[in-house]
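**Student:** sequence-free structure coming up:
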C-alpha cells in the first residue's frame, strides 16, 4: 500500500467532510431547500468549488504540469449520463442527501444519513447485478460524444468557457439571493437543529422533528 497516497486521500476526505458539515450539508434540509429554490447554499458552495478547481486545472495545464499525456477525461455517453443524472437527482430530492453528504450526516449523528448510505450500497449491488445485461450495456455505450470537454465541443478557448462560468455564477448568486429574501428560506444551524422551516408561515407550522437524531417532536410557532 502506498501510505503517502492513502494518507493524502484520508486527510482530503476529512477536510472535505468538515467543510460540508460547516456549510450545513450534513442536514437534508439544505439540499431539499435548494430544490425548492428557497436556500441557494448548495449552488453557492458547489459552484464556487467548481470554479476554483477549473481555474486551478487551467493554470496547471498552462504550465504543463500534467506533462505531455495530460490527465484522464472519461468518454461521455449521452444516454448513460442523462439517465444517471436523472436518477441521482431524484435521489437527492427524495432523500435530501448526496453520497458524500449522507456520510457527513451519519457522522453528525443523523440516522437518516445511515439509511441513505445503506440504500446507496444496495443500489450499487443492484446495478452490479445487471451490469452485464444487454439493455444495460446498450444504455451505457450509446450516443458517444466525441469531444471530451466543453471547450472541445464548442471549439473555443477553455478560458472563454471559464469566463462564461464566472458570469453564470455571479448571475446565479444574485438570483439566489433575491429568491432567498423573498422566501426567507436560508436555513441556519438553529433552524436545522430545532426543525424549524422558515419558508413556512407561522400559521401553517406543525410538529417538527427536534434534534440531530430525530428523537422526539416539538411544536414551533416562530414568526417569519
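**Tutor:** All right, it came through fine. Note that the coordinates shown come from a computational prediction; the quantities given were computed from them, not determined experimentally. Residues are numbered from 1 along each chain as shown.
**Student:** Can you find the helix or strand in this protein with the smallest mean pLDDT?
**Tutor:** Sorting the helices and strands of the chain by mean pLDDT, DSSP states H and E puts strand 217-219 at the bottom, at a mean of 38.
**Student:** which element follows the helix or strand containing residue 86 toward the C-terminus?
**Tutor:** Under the criterion of DSSP states H and E, residue 86 resides in helix 78-95. Note on helix 78-95: by DSSP H and E, the next helix or strand toward the C-terminus is helix 99-107.
**Student:** State the mean pLDDT of that next one.
**Tutor:** Computed over helix 99-107, the mean pLDDT rounds to 88.
**Student:** by how many degrees do the helix holding residue 86 and helix 99-107 diverge?
**Tutor:** 20 degrees (axes from the mean of the first three to the mean of the last three Cα atoms, to 10 degrees).
**Student:** Test my guess that residue 76 contacts residue 144.
**Tutor:** Yes - the pair residue 76 / residue 144 is scored as a contact, 7.3 Å apart, by Cβ atoms under 8 Å. Placement of C-beta: from N, CA and C, glycine included.
**Student:** ok, residue 135 - how many residues close by?
**Tutor:** Close neighbours of residue 135, defined as other Cβ atoms under 10 Å, add up to 8.
**Student:** still on that earlier bit, so residue 76 and residue 144 - more neighbours on which side?
**Tutor:** A count of neighbours by other Cβ under 10 Å puts residue 76 above the other of residue 76 and residue 144, at 15 against 11.
**Student:** dump the residue contacts of that one.
**Tutor:** Contacts for residue 76 (Cβ atoms under 8 Å, 6 or more residues apart in numbering) come out as 144-145, 148.
**Student:** Torsion angles phi and psi at it?
**Tutor:** Note on residue 76: backbone dihedrals following degrees, to the nearest 10 are phi -100, psi 130.
**Student:** Excluding chain neighbours, what is closest to the residue nearest the centre of the chain?
**Tutor:** Among the residues of the chain, residue 98 comes closest to the average C-alpha position under Cα atoms, centre = their mean, at 5.8 Å. Leaving aside its sequence neighbours, residue 98 sits nearest to residue 92 (Cβ to Cβ, 6 or more residues apart in numbering; 5.9 Å).
**Student:** Distance check, residue 19 against residue 13.
**Tutor:** Distance, residue 19 to residue 13, using Cβ to Cβ, to the nearest Å: 11 Å.
**Student:** pretty sure residue 83 is touching residue 139, no?
**Tutor:** Yes - here residue 83 reaches residue 139: they are 6.3 Å apart, a contact under Cβ under 8 Å.
**Student:** Pull up the per-residue confidence for residue 34.
**Tutor:** 87.
**Student:** and if you look at the one 4 residues further on?
**Tutor:** On pLDDT, residue 38 comes in at 87.
**Student:** what does the one 3 residues further on give?
**Tutor:** Residue-level confidence at residue 41 comes out at 87, pLDDT.
**Student:** Skip the chain neighbours and tell me the closest residue to it.
**Tutor:** Closest to residue 41 by Cβ to Cβ, 6+ apart is residue 30, at 5.7 Å.
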